[in-house]
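Asker: All I have is the shape, not the residue letters:
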């Protein structure tokens, strides 16, 4: 390496690295990246609910252009998360895994002109404030409290983003999809920029079965199946409707994937269950008509490619195939005239 090259290598750490190349962490500095900030803060809140440490999550688009995420739980490691010192060492917990780098609130902190975190815990209110990733005030007790809650309010930095205007419908669609994939989740979204505020609730107790119906499937022609598998290191939750022409949607830890071992396993299971009853041509016709959602939650998901759109966990294929095969065979026993 030349002396010139060596002298001009810039080593950035912490929030400076995020601010220098925000696209590496949130994909873009356009509308897509802007809304990713909300999802990054939302992820640990949703994890808390899935772990049984919270029961509801409230998201607000504030009148002054910020976003506020509140849940009725407590994060012991919130200061570490905001400072970027946190790593997800939680064996046996299938996180939502929406963040590419598991840095969540830290990235949001670095890309916000202002971020305030407030915790109600152990009888006190603890508040801390940051500006563009730099601490303005340390965690400070500001008063008493008789409840448990965690709130993060942030304002995106206009020096980073092409626009700092959140779209209600974009956030709502994301919350709705998460709720369809995780029947335990219960979200409320309020747009405080309107009078009266526009408010929506997102909660789907039927999970993927509601999802296939949303995509056009007939509820009366829908089967569901779920399984947990130790070799796979996770769970599979799926719904399949023989109607709707909605295609097959696959997710890994609530993140949509274009293909991978879960999709391959779905096709394997369907073929194993249906080929004894029909030929290849008829099977292709069935595939063209059906609507399905395949969701796996994994302790340690592995993805192929830089965009992480292909799931690569090999044990997933066999478990999904077996789950689909058994569910379809049971359906055909109960509904022998499904295919004429």
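Answerer: Perfect, I can see it now. Just so we're clear, the structure is a prediction, and the values are computed from it rather than from any experiment.
Asker: any low-confidence regions in the chain?
Answerer: Within the chain, the segments meeting pLDDT under 70 span 1-13, 76-103, 306-307.
Asker: how about the strands in the stretch 51-200 of the chain?
Answerer: Along the stretch 51-200 of the chain, the stretches classed as strands by DSSP state E, counting those that start in this stretch are 57-61, 67-71, 112-121, 124-131, 134-144, 149-156, 187-191, 198-202.
Asker: Take these and write them to TSV, including mean neighbour count and distance to residue 41.
Answerer: C-beta here means a position set from N, CA and C on the backbone, and glycine is covered the same way. Listed next are the strands of the stretch 51-200 of the chain as TSV, based on neighbours: other C-beta atoms under 10 Å; distance: least, C-beta to C-beta, whole Å:
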stretch	mean neighbour count	distance to residue 41
strand 57-61	21	9
strand 67-71	23	5
strand 112-121	21	9
strand 124-131	17	13
strand 134-144	11	17
strand 149-156	22	5
strand 187-191	20	13
strand 198-202	15	16
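Asker: Please produce CSV containing these, extended by distance to residue 268.
Answerer: Formatted as CSV, these follow (distance: least, C-beta to C-beta, whole Å):
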stretch, distance to residue 268
strand 57-61, 36
strand 67-71, 39
strand 112-121, 45
strand 124-131, 49
strand 134-144, 51
strand 149-156, 43
strand 187-191, 34
strand 198-202, 33
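Asker: Just tell me which of the ones you listed ends up closest to residue 305.
Answerer: strand 149-156 (28.3 Å; C-beta to C-beta).
Asker: Give me the contacts around the closest one.
Answerer: The contact list for strand 149-156 (C-beta atoms under 8 Å, 6 or more residues apart in numbering) reads 34, 37, 41, 45, 48, 62, 64-75, 78, 105, 108-109, 111-120, 164.
Asker: Please apply the same query to stretch 323-333.
Answerer: Contacts to stretch 323-333, defined as C-beta under 8 Å, 6+ apart, come from residues 223-227, 236, 238, 240, 265-266, 268-270, 272-274, 277, 338.
Asker: Am I right that residue 238 is in contact with residue 290?
Answerer: No. Residue 238 lies out of contact with residue 290 (C-beta atoms under 8 Å); the separation is 11.7 Å.
Asker: Give me the subset of the contacts of stretch 323-333 that lies in helices.
Answerer: 265, 266, 268, 269, 270, 272, 273, 274 (DSSP state H).
Asker: Tell me which stretches of the stretch 201-340 of the chain form strands.
Answerer: 222-229, 234-241, 247-252, 255-257, 259-260, 291-298, 303-304, 310-311.
Asker: could I get the ones you listed as JSON lines with distance to residue 144?
Answerer: Below are the strands of the stretch 201-340 of the chain laid out as JSON lines (distance: least, C-beta to C-beta, whole Å):
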{"stretch": "strand 222-229", "distance to residue 144": "43"}
{"stretch": "strand 234-241", "distance to residue 144": "41"}
{"stretch": "strand 247-252", "distance to residue 144": "42"}
{"stretch": "strand 255-257", "distance to residue 144": "40"}
{"stretch": "strand 259-260", "distance to residue 144": "50"}
{"stretch": "strand 291-298", "distance to residue 144": "39"}
{"stretch": "strand 303-304", "distance to residue 144": "46"}
{"stretch": "strand 310-311", "distance to residue 144": "48"}
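Asker: and these as TSV, adding distance to residue 169 and mean neighbour count?
Answerer: Formatted as TSV, the strands of the stretch 201-340 of the chain follow (distance: least, C-beta to C-beta, whole Å; neighbours: other C-beta atoms under 10 Å):
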stretch	distance to residue 169	mean neighbour count
strand 222-229	27	18
strand 234-241	25	24
strand 247-252	20	22
strand 255-257	18	18
strand 259-260	28	18
strand 291-298	22	26
strand 303-304	28	16
strand 310-311	28	22
